[in-house]
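Asker: Task: produce atomic coordinates for the following.
(one chain, ligands or ions: 1)
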Amino acid sequence: MMPEESGSMTNEFERLAEGQWDVLVVGGGIVGSGVARDAAMRGLRVALVDRHDFAFGTSSRSSRLLHGGLRYLAQGRIGLVHEASVEKLTLHRIAPHLAWPLPFLFPTFRGTPWVRWQLSIGVKIYDLLCGRRNLGPSSTLSASQMAEKLPNINRQGLTGGVRYFDGLTSDSRLAIDTLRSAVGHGALVRNYTSFAGAERTASGWTCRVRDERGNREVEVAARCVVNATGCWADRLPHSRVRLRLTKGIHLVVDQERFPAGEAVVMAEGKRILFVIPWGQRVILGTTDTDYDGPLEDVPTAEEDVSYVLGITNQTFPPARLEANDVMSHWAGVRPLIASGLEKKGSPSNTSRQHQIRMPEPGWIDVAGGKLTTYRLMAEQTVDLAGRHLGAKLPPCRTGKEPLLEPAAAAFSGVQPPPVTREAVEHYCRREWAVHLDDVMLRRTEWHYYERDNCLVADQAAAWMQETLGWNDAERQEELRRLREATR
Ligand SMILES: Cc1cc2nc3c(=O)[nH]c(=O)nc-3n(C[C@H](O)[C@H](O)[C@H](O)COP(=O)(O)OP(=O)(O)OC[C@H]3O[C@@H](n4cnc5c(N)ncnc54)[C@H](O)[C@@H]3O)c2cc1C
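Answerer: Predicted coordinates:
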């Protein structure tokens, strides 16, 4: 239920304790949101809780690509690429407001692992793996054609390259719009509400759920619990997930400083990084390093920034990007499935495959995967829940039904909507925004995108103060909280 329709957030918390849910989803990132939508569309009684804001975790900190993963093809992971390529097209079909076809230029250089003729074959296979026509046809480019498309490219050893298509989305918007759809189909969702423990009962599970904004707990009865907590997945009681966490950072620079019409793949040995055009800005990233730091506060370290800028300057020598060209940045943690053996290998080689298991009756762990494959992960999770519940569920429809009707997508999209009072009121009243960072980082990407993001934050805080009835001290506290979250 949307916040304003529910009467109050308090009522929603109390409603969690009413009756028995078929499915309680723990975690409102893209995976949990997808599970809630799918389960609700198949007629199950579903509730979802997230300890922080929805999409607070990895689902607001990705590269935002809807992609099959060209580099996994080089690793021979054809099944994985096929799966993700089909999902890439599905998302373009069901959520056109959140999927923007994007051409990628992949320049090749003599003496590196990325060889032009091999990539030429690779991108053709990549197109075929979509199962139908890709978002655009791939092609092979000579050195002079590549240099014409990328005038600032390093010409030393340039052998040409390839051009192929993937898609760009807005990760947190995808999660929020998926939740809106879930709610439209009858799910109850609540942010700032944590799962604090569970015990098995004769008919399912009794879970303790805590309101993080008020000092209270309720018991929630559910026949099935879905652990969709991303990089927290191995910390929940009853979970059997084993994760390998790797960190990735992204930098945002202005198109005026570093113009990019098409996306570019930059290689460093076998690793690849991206230049991603994003309206008037450009996103650069990402890194992939093992991580064992705090999950609530993932730092963008100076050496990460130097690394990404270094690769960019090496690929585009005239750019001479420096740390003070970086307008904004974010860092996220990948919840990769650990196989044990992989602990020793390179993080980039760790599989992006997902895993869905039921280690105890009615307890389902879903982890790993990618933003691009969330819908499929959700479908398989709900199929498993259905089998456990002994219910003959109707077939999954999430790959066919639009995520949102066009009119409902007014304040959503790949690029941030204009900064308006109307938009802020909408996020507070209809999309569960309660803190300034909910609006600045996850309902919109104003903090990352807007040149004067401090002024925009001041303005948004003033509008939220009027909408939510904050006093002046609360507004100042919200500005401090945003600074803390984005330092
Ligand atoms: C740097 C980087 C780049 C990436 N780029 C891409 C890309 O371009 N394309 C792509 O397809 N994929 C990409 N990915 C992968 C993708 O972002 C993730 O696979 C996906 O977002 C994971 O979603 P999730 O729902 O599993 O986890 P999350 O989004 O982290 O959601 C988990 C949620 O669980 C909540 N939670 C935790 N504990 C509790 C609790 N006790 N009670 C209640 N709630 C709890 C958290 O608050 C969080 O909101 C990238 C990942 C990274 C890190």
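Asker: hmm, the helix or strand of the chain with the lowest mean pLDDT touching the ligand?
Answerer: In the chain, no helix or strand scores lower on mean pLDDT, DSSP states H and E than helix 9-15, which sits at a mean of 85. No. Helix 9-15 is not in contact with the ligand by C-beta under 6 Å from any ligand atom; minimum separation 13.4 Å. In this view, the C-beta of every residue, glycine as well, is placed from N, C-alpha and C.
Asker: and the residue nearest to the spatial centre of the chain, what is it in contact with?
Answerer: With distances taken as C-alpha atoms, centre = their mean, residue 59 lies nearest the centre of the chain, 2.8 Å away. Contacts of residue 59 were listed using C-beta atoms under 8 Å, 6 or more residues apart in numbering, and they are 29-31, 171-172, 174-175, 230, 371.
Asker: Report the two of those separated the most.
Answerer: For these, the farthest-apart pair by C-beta to C-beta is 174 and 230; their separation is 14.4 Å.
Asker: residues near residue 72, how many?
Answerer: For residue 72, the neighbour count with other C-beta atoms under 10 Å is 19.
Asker: and the helix or strand hosting it, what other elements does it pack with?
Answerer: Residue 72 belongs to helix 70-74 when elements are defined using DSSP states H and E. If contacts are counted by 3 or more C-beta pairs under 8 Å, 6 or more residues apart in numbering; DSSP states H and E, helix 70-74 sits against helix 78-94, helix 116-128.
Asker: now do 10 Å
Answerer: helix 78-94, strand 100-109, helix 116-128, strand 158-168, strand 263-268, strand 271-278 (3 or more C-beta pairs under 10 Å, 6 or more residues apart in numbering; DSSP states H and E).
Asker: Which strands or helices does the longest one pack on?
Answerer: I take that to be helix 78-94. Short answer (3+ C-beta pairs under 10 Å, 6+ apart): helix 78-94 packs on strand 65-66, helix 70-74, strand 100-109, helix 116-128, strand 158-168, helix 374-389.
Asker: Pick the most buried one from the ones you listed.
Answerer: Highest mean neighbour count of the helices and strands packed on helix 78-94: strand 65-66, a mean of 26 (counted as mean count of other C-beta atoms under 10 Å).
Asker: The ligand next: which of the contacts of residue 59 are close?
Answerer: Within the contacts of residue 59, those near the ligand by C-beta under 6 Å from any ligand atom are 29-31, 230, 371.
Asker: So which of the residues you listed sit within strands?
Answerer: Among the ones next to the ligand among the contacts of residue 59, no residue falls in strands (DSSP state E).
Asker: Mind checking the helices and strands packed on helix 78-94 for the one nearest to the ligand?
Answerer: For the ligand, the closest of the helices and strands packed on helix 78-94 is strand 65-66, at 3.4 Å, according to C-beta to the nearest ligand atom.
Asker: Whether the helix holding residue 72 contacts the ligand - can you check?
Answerer: No. Helix 70-74 is not in contact with the ligand by C-beta under 6 Å from any ligand atom; minimum separation 11.3 Å.
Asker: to the chain's geometric centre, what's the distance from that helix?
Answerer: Mean C-alpha position of helix 70-74 versus that of the full chain (C-alpha atoms, centre = their mean, to the nearest Å) differs by 20 Å.
Asker: Next, give phi and psi for residue 196.
Answerer: The phi/psi pair for residue 196 (degrees, to the nearest 10) reads phi -120, psi 0.
Asker: List the contacts of it.
Answerer: Residue 196 makes contacts with 51, 207-210, 217, 236-237, as judged by C-beta atoms under 10 Å, 6 or more residues apart in numbering.
Asker: ok, now residue 327?
Answerer: 251-254, 257, 281-282, 447-451, 453.
Asker: Try it again at 6 Å.
Answerer: The contact partners of residue 327, by C-beta atoms under 6 Å, 6 or more residues apart in numbering, come to residue 252.
Asker: any idea how far it is from residue 251?
Answerer: Using C-beta to C-beta, to the nearest Å, residue 327 is found at 8 Å from residue 251.
Asker: Same check on residue 59?
Answerer: Taken as C-beta to C-beta, the span from residue 59 to residue 251 is 19 Å.
Asker: One more: residue 164?
Answerer: The gap separating residue 164 from residue 251 is 24 Å, by C-beta to C-beta.
Asker: all strands in the stretch 351-487 of the chain, in order from the N-terminus.
Answerer: 354-360, 363-368 (DSSP state E, counting those that start in this stretch).
Asker: and those strands as CSV, adding mean neighbour count and distance to residue 265?
Answerer: Shown next, in CSV, are these (neighbours: other C-beta atoms under 10 Å; distance: least, C-beta to C-beta, whole Å):
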stretch, mean neighbour count, distance to residue 265
strand 354-360, 17, 24
strand 363-368, 25, 24
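Asker: nearest to residue 100, of those?
Answerer: Nearest to residue 100 among those is strand 354-360; the distance by C-beta to C-beta comes to 24.4 Å.
Asker: Name all residues that make contact with residue 51.
Answerer: Counting by C-beta under 6 Å, 6+ apart, residue 51 has contacts residue 194.
Asker: same deal with residue 194?
Answerer: Going by C-beta under 6 Å, 6+ apart, residue 194 touches 51, 210, 212.
Asker: which one of those residues sits closest to the ligand?
Answerer: Closest to the ligand, out of all of the contacts of residue 194 and judged by C-beta to the nearest ligand atom, is residue 51, at 3.7 Å.
Asker: ok so the closest one is a helix residue?
Answerer: No. Read with DSSP: H, G, I helix; E, B strand; the rest coil, residue 51 is coil and lies in no helix.
Asker: follow-up on the earlier one: compare residue 174 and residue 230 and say which one has the larger neighbour count.
Answerer: Neighbour count, other C-beta under 10 Å: between residue 174 and residue 230, residue 174 has more, with 29 against 26.
Asker: Relative to residue 393, how far out is that one?
Answerer: Residue 174 sits 24 Å away from residue 393, going by C-beta to C-beta.
Asker: for the strands of the stretch 351-487 of the chain, which one sits closest to residue 457?
Answerer: Closest among these, using C-beta to C-beta: strand 363-368, at 33.7 Å.
Asker: Could you dump the helices and strands packed on helix 78-94 into JSON lines and include mean pLDDT and distance to residue 467?
Answerer: What follows is these, written out as JSON lines (pLDDT from 0 to 100; distance: least, C-beta to C-beta, whole Å):
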{"stretch": "strand 65-66", "mean pLDDT": "98", "distance to residue 467": "33"}
{"stretch": "helix 70-74", "mean pLDDT": "89", "distance to residue 467": "44"}
{"stretch": "strand 100-109", "mean pLDDT": "97", "distance to residue 467": "30"}
{"stretch": "helix 116-128", "mean pLDDT": "96", "distance to residue 467": "46"}
{"stretch": "strand 158-168", "mean pLDDT": "98", "distance to residue 467": "30"}
{"stretch": "helix 374-389", "mean pLDDT": "98", "distance to residue 467": "30"}
